[in-house]
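S.K.: predicted model, plus sequence, below.
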Amino acid sequence: MRLIFFSIISLLILSSCQSNENPEETADDAEETTIESSIGSTNNEMPEETTSNEQSETNESSEEPAEENKNSENEEEEKESTDEANDNMSDENATLFDIHSDEVQQALFSSSSVEEDNLTFSQDVITQGMSQTEVEERYGTYDLIYPGHGGPVVIYGNLGVNYSETFPYGTNDEQADEDINPDENIVEDVKFYAGLPYDEVVNALGEPDIDVYETEGGPVSGLQLMEYVIEDKENSTLTGTFWLHDNESGEKTVDLMTIDEVPDDAEEITAQHPEESEGIDAEDEERIESFINGYIDDLMAYYNDGNEDILTRTGETSPNYEKISANRASGNYDNHETYDTEIIDITNVEGNEYEVTVSREYSHVTSNGRSVTEVEYSTVETPQGFKIFDYQELDNESIE
């Protein structure tokens, strides 16, 4: 009995001990679960950070293309600006022609291209019918104005342009005219302008058929020219004539080339059929007469008092001024007096050039009384008005 009783008590004690251990394990388990849960929670937060970082990187990534696009746009603008500058330079370079080139020489000395294109120098850069506005929008403003025979020639690179209004539109340039409408100033002819030393031109083209000579008489006396024969026709000769000048160092520089067709029997034809003077309208005639009368008055004041108003009517570097300044310096023209002036004839030689024949009754300190002189004045119309370029005395008779 006692044995049974002690056995039951032992079982109860053992059972009680096991019951107390389980909560600890459960607590341990719960603690482990809590730790795991905490770790799990931490692990669950990581993707959020990752997502946040990824989103930030995505935003940065999305900003980068925008910045790249901006840079790309700037690069495109810079490229367009560079291309435009290159185009402008290319357009300006379009008026440059190398005299050593076979194509340029062919255009210079091809009679067929002259006849077909009706241009002195055939090319497709500046052509007949273009306005000054069109020319200068494409190729820039002119380089210089060359005082060509028959009117000024406007130079763009190696191209010399004759405009319908004679002068180009321009400001701050005495040889240009700001009252001209450039939209209505139309290209009529284009010439080749070398602007090179004589030796370089001859090396490129060969020796001229007629080497440099100087013209005499008329409004274009003193010009230096040289000629190449383009075509020897049955009854005439087609020549390319280069104009030259001496630069500051005294070296010859080749300028414009014009084309002339001269009949083989020109002198005989002129003798049999003298060329008739080209008529001028009444308004131009009145303007020229007024100019000549004003010039004679200023000439008298210049001889007597050295009055420089004469320079408004003649160029200081013209042959005319050289002659009258020498006359005044001699003292032989002091006490100069003009009693009567008569315009005998006005001839429009070519373009803006006129020959005006004048009869004048005058006296001065060495004339031994009154005399009548007949003088031919070579007169040129410029943007500043008419100018006396040169003169030659045709006759002189004493009347006392």
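M.R.: Good, I have the coordinates. Numbers count the residues shown, from 1 in each chain.
S.K.: what about residue 226, distance to residue 251?
M.R.: Look at residue 226 and residue 251: by Cβ to Cβ, to the nearest Å, they are 15 Å apart. Yep, even glycine has a C-beta here, placed from its N, CA and C like the rest.
S.K.: more neighbours: which of the two?
M.R.: Just comparing residue 226 and residue 251: by other Cβ atoms under 10 Å the higher neighbour count belongs to residue 226, 22 against 11.
S.K.: I figured that one hits residue 208, correct?
M.R.: Yes. Residue 226 sits in contact with residue 208 when judged by Cβ atoms under 8 Å, with a separation of 4.3 Å.
S.K.: what touches both of the two?
M.R.: By Cβ atoms under 8 Å, 6 or more residues apart in numbering, residue 226 and residue 208 have these common neighbours: residue 242.
S.K.: can you pull out the strands in the chain?
M.R.: In the chain, the strands defined using DSSP state E lie at 144-146, 153-156, 159-163, 187-197, 210-214, 224-232, 236-246, 252-263, 337-350, 353-363, 371-382, 385-398.
S.K.: OK, contacts around residue 136?
M.R.: 142, 182.
S.K.: just the pLDDT for it.
M.R.: The predicted local distance difference test score for residue 136 is 96.
S.K.: try residue 210
M.R.: Per-residue confidence at residue 210 stands at 94 (pLDDT).
S.K.: give the contact list for it.
M.R.: Under the criterion of Cβ under 8 Å, 6+ apart, the neighbours of residue 210 are 226, 227.
S.K.: specify the beta-bridge partners of it.
M.R.: In this structure, residue 210 has beta-bridge partners residue 227, where bridges are defined by DSSP bridges.
S.K.: any idea how far residue 103 is from it?
M.R.: With Cβ to Cβ as the criterion, residue 210 and residue 103 are 25 Å apart.
S.K.: and what of residue 223?
M.R.: When distance is defined by Cβ to Cβ, residue 223 is 29 Å away from residue 103.
S.K.: so between the two, which is more surrounded?
M.R.: Residue environment comparison for residue 223 versus residue 103 gives the larger neighbour count to residue 223, 15 against 10, counting by other Cβ under 10 Å.
S.K.: count of neighbours near the nearest residue to residue 395 once chain neighbours are set aside?
M.R.: The shortest distance from residue 395 to any residue that is not its chain neighbour, by Cβ to Cβ, 6 or more residues apart in numbering, is 4.2 Å, and that residue is residue 374. Residues contacting residue 374 under the criterion other Cβ under 10 Å number 15.
S.K.: ok, residue 374 - contacts?
M.R.: Taking Cβ under 8 Å, 6+ apart as the definition of contact, the neighbours of residue 374 are 344, 357, 358, 359, 360, 393, 394, 395, 396.
S.K.: can you tell me which of those is nearest residue 135?
M.R.: Of all these, residue 135 sits closest to residue 357, with 38.9 Å by Cβ to Cβ.
S.K.: count of neighbours near that closest one?
M.R.: 15.
S.K.: what about it, distance to residue 377?
M.R.: Residue 357 sits at a distance of 8 Å from residue 377 (criterion: Cβ to Cβ).
S.K.: try residue 170
M.R.: Here the distance between residue 170 and residue 377 works out to 28 Å (Cβ to Cβ).
S.K.: more neighbours: which of those two?
M.R.: Neighbour totals were compared for residue 170 and residue 377, and residue 377 leads with 25 against 20 (other Cβ under 10 Å).
S.K.: what sits against that one?
M.R.: Contacts for residue 377 (Cβ under 8 Å, 6+ apart) come out as 292, 295, 320, 355, 356, 357, 358, 388, 390, 391.
S.K.: with distance to residue 364 as extra columns, can I get the residues you listed in JSON lines?
M.R.: Listed next are the contacts of residue 377 as JSON lines, based on distance: Cβ to Cβ, whole Å:
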{"residue": "292", "distance to residue 364": "19"}
{"residue": "295", "distance to residue 364": "17"}
{"residue": "320", "distance to residue 364": "18"}
{"residue": "355", "distance to residue 364": "25"}
{"residue": "356", "distance to residue 364": "22"}
{"residue": "357", "distance to residue 364": "21"}
{"residue": "358", "distance to residue 364": "17"}
{"residue": "388", "distance to residue 364": "19"}
{"residue": "390", "distance to residue 364": "21"}
{"residue": "391", "distance to residue 364": "16"}
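S.K.: give me the buried entries from these.
M.R.: Buried members of the contacts of residue 377, counted by 16 or more other Cβ atoms under 10 Å: 292, 295, 320, 355, 356, 358, 388, 390, 391.
S.K.: pull out the buried positions in stretch 380-390.
M.R.: Counting neighbours by 16+ other Cβ under 10 Å, stretch 380-390 gives 380, 381, 382, 383, 386, 387, 388, 389, 390 as buried.
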